[in-house]
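Colleague: kindly return the folded structure for what I paste below:
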Amino acid sequence: MSPRLTGAAAILCFCSAILAQPALAEPTAVQSPQGLSADYGRCLERAGRNTVQLAMCEQTEMAAQDARLNKAYKQVMGQLAKDPPKQSALRNEQRSWLKKRDYDCKLDQQTINSSCIVEKTAARANELEKMIRF
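Modeller: Next comes the predicted model:
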């Protein structure tokens, strides 16, 4: 085989492999954490691509998720009232989580991904709610 044919065969083989793959795979759906309100989902649907309306949806849901988070945190801290070292550990864990959430959701020095904040806050509220003893 001439070197030119070998190169052409390699290209043909490469192209065949690419064409065998699906043209456009469906994007994998990101699973949102439980605890997000149904109103939030409906609000996002109504907002479509309107960034102002999306921001309003995120702001409203953030207030709800922040309230859930604070309520659960206070309940768990109350349960740990007789165990100051565990209270201190939870307080430190929460502070670390806040810093990590804010860092992970920062797009650049001045821009924060609001939906990221909402989802991470909901996920953390879920974790804290699981710690509550009834």
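Colleague: mind listing what residue 77 touches?
Modeller: Residue 77 is in contact with 87, 90-91, counting by C-beta atoms under 8 Å, 6 or more residues apart in numbering. For glycine as for every other residue, the C-beta is placed from the backbone atoms N, C-alpha and C.
Colleague: compare those residues and tell me which is most surrounded.
Modeller: With neighbours taken as other C-beta atoms under 10 Å, the top of the contacts of residue 77 is residue 90, carrying 18 neighbours.
Colleague: can you tell me the element that residue falls in?
Modeller: Secondary-structure assignment from DSSP states H and E places residue 90 in helix 84-104.
Colleague: which elements pack onto that helix?
Modeller: helix 51-79, helix 114-131 (3 or more C-beta pairs under 8 Å, 6 or more residues apart in numbering; DSSP states H and E).
Colleague: what would these look like in JSON lines with distance to residue 97?
Modeller: Formatted as JSON lines, those follow (distance: least, C-beta to C-beta, whole Å):
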{"stretch": "helix 51-79", "distance to residue 97": "10"}
{"stretch": "helix 114-131", "distance to residue 97": "6"}
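Colleague: for residue 102, which of those is the nearest?
Modeller: For the helices and strands packed on helix 84-104, distance to residue 102 was read as C-beta to C-beta. The smallest value, 7.7 Å, belongs to helix 114-131.
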